[in-house]
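Visitor: Make a model of this:
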Amino acid sequence: MADLWFIRHFRTPWNANGRLQGRRDIALDDPLGPSDLAALAANAEALAGQSFSAVWCSPLRRARQTAALHGFEAPEILADLTEIDFGDFEGRLWRELEAAHPGLWHEAPHLLSLGESFEAFTARVARVLDQATRLSGPPVLVFGHGAWAGCLASLAEGRDPAGMNRLALKNGALLRLSPGLARVTQH
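Guide: Alright, predicted model coming up:
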């Protein structure tokens, strides 16, 4: 299996406001904030001179903009990389989800009734991981979303994906996954 390098999209106005984005097509902050600029510089250093077997990206604008800022104007778009569908909670505040379902997002997201089943979401993440396992050589570079990255890390480590929220990946952070081991580098 090729290693998988995952970069979470930079901050959006909805991230700043604590809103659930899910499948909403939200653009990045303009201009980028200092933490995003620092992450971009650190990521550029990590990516410098590195070749990739493939470069994949979520179809959502915030991920595509993040890829472009990293110098990848035309990554391969994979629908399976779309963030989890929060259904009726999209556009609402995280604290509203917590108030309606105390503790479930962090402890048992598989028990939430969202816009897609947890099983369907996990299956999408597993398909991408399976696709990466068929490649060898240089790493695969992926641009995507926070919940998606948590599920990916859980699956790559052989853990129950319901524990996906143990990984808190900051906007712009780089996650490096090797077979059976997830290493997180956050900038």
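Visitor: max-length helix in the protein?
Guide: Counting residues, the longest helix found in the chain (DSSP state H) is helix 118-133.
Visitor: Tabulate the CA atom coordinates of that one in CSV.
Guide: Coordinates of the C-alpha atoms in helix 118-133 are reproduced here as CSV (Å, rounded to 0.1, in the frame of the first residue of the first chain):
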residue,chain,number,x,y,z
PHE,A,118,-22.8,6.1,9.3
GLU,A,119,-22.4,2.8,7.4
ALA,A,120,-22.7,4.6,4.0
PHE,A,121,-20.1,7.2,5.1
THR,A,122,-17.7,4.6,6.4
ALA,A,123,-18.1,2.6,3.2
ARG,A,124,-17.1,5.7,1.1
VAL,A,125,-14.0,6.2,3.2
ALA,A,126,-13.1,2.5,3.0
ARG,A,127,-13.4,2.6,-0.8
VAL,A,128,-10.8,5.3,-1.0
LEU,A,129,-8.5,3.6,1.4
ASP,A,130,-8.9,0.4,-0.6
GLN,A,131,-8.1,2.3,-3.8
ALA,A,132,-4.9,3.6,-2.2
THR,A,133,-3.9,0.1,-0.9
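Visitor: now that helix: how far from the chain's centre is it?
Guide: 13 Å (CA atoms, centre = their mean, to the nearest Å).
Visitor: just stretch 144-158 next, same as before
Guide: With CA atoms, centre = their mean, you get 7 Å for stretch 144-158.
Visitor: mind listing what's buried in it?
Guide: For stretch 144-158, burial by neighbour count (16 or more other CB atoms under 10 Å) applies to 144-156. Any C-beta I mention is one placed from the backbone N, CA and C, and that applies to glycine too.
Visitor: So which of these are in strands?
Guide: G144 (DSSP state E).
Visitor: Tell me the spatial nearest neighbour of A44, not counting adjacent residues.
Guide: H70 (7.0 Å; CB to CB, 6 or more residues apart in numbering).
Visitor: what packs against the longest helix of the chain?
Guide: With contacts taken as 3 or more CB pairs under 8 Å, 6 or more residues apart in numbering; DSSP states H and E, helix 118-133 sits against helix 146-156.
Visitor: now what about the helix it packs on, what contacts it?
Guide: The contact list for helix 146-156 (CB atoms under 8 Å, 6 or more residues apart in numbering) reads 4, 6, 8, 58, 81-84, 109, 121-122, 125-126, 128-129, 160-167, 169, 171, 175, 177, 179-182, 184.
Visitor: So what are the sheet partners of the helix or strand that comes right after it and their directions?
Guide: Next helix or strand after helix 146-156 toward the C-terminus (DSSP states H and E): strand 174-178. Sheet pairing for strand 174-178, assigned by DSSP bridges, gives strand 4-8 (antiparallel), strand 181-185 (antiparallel).
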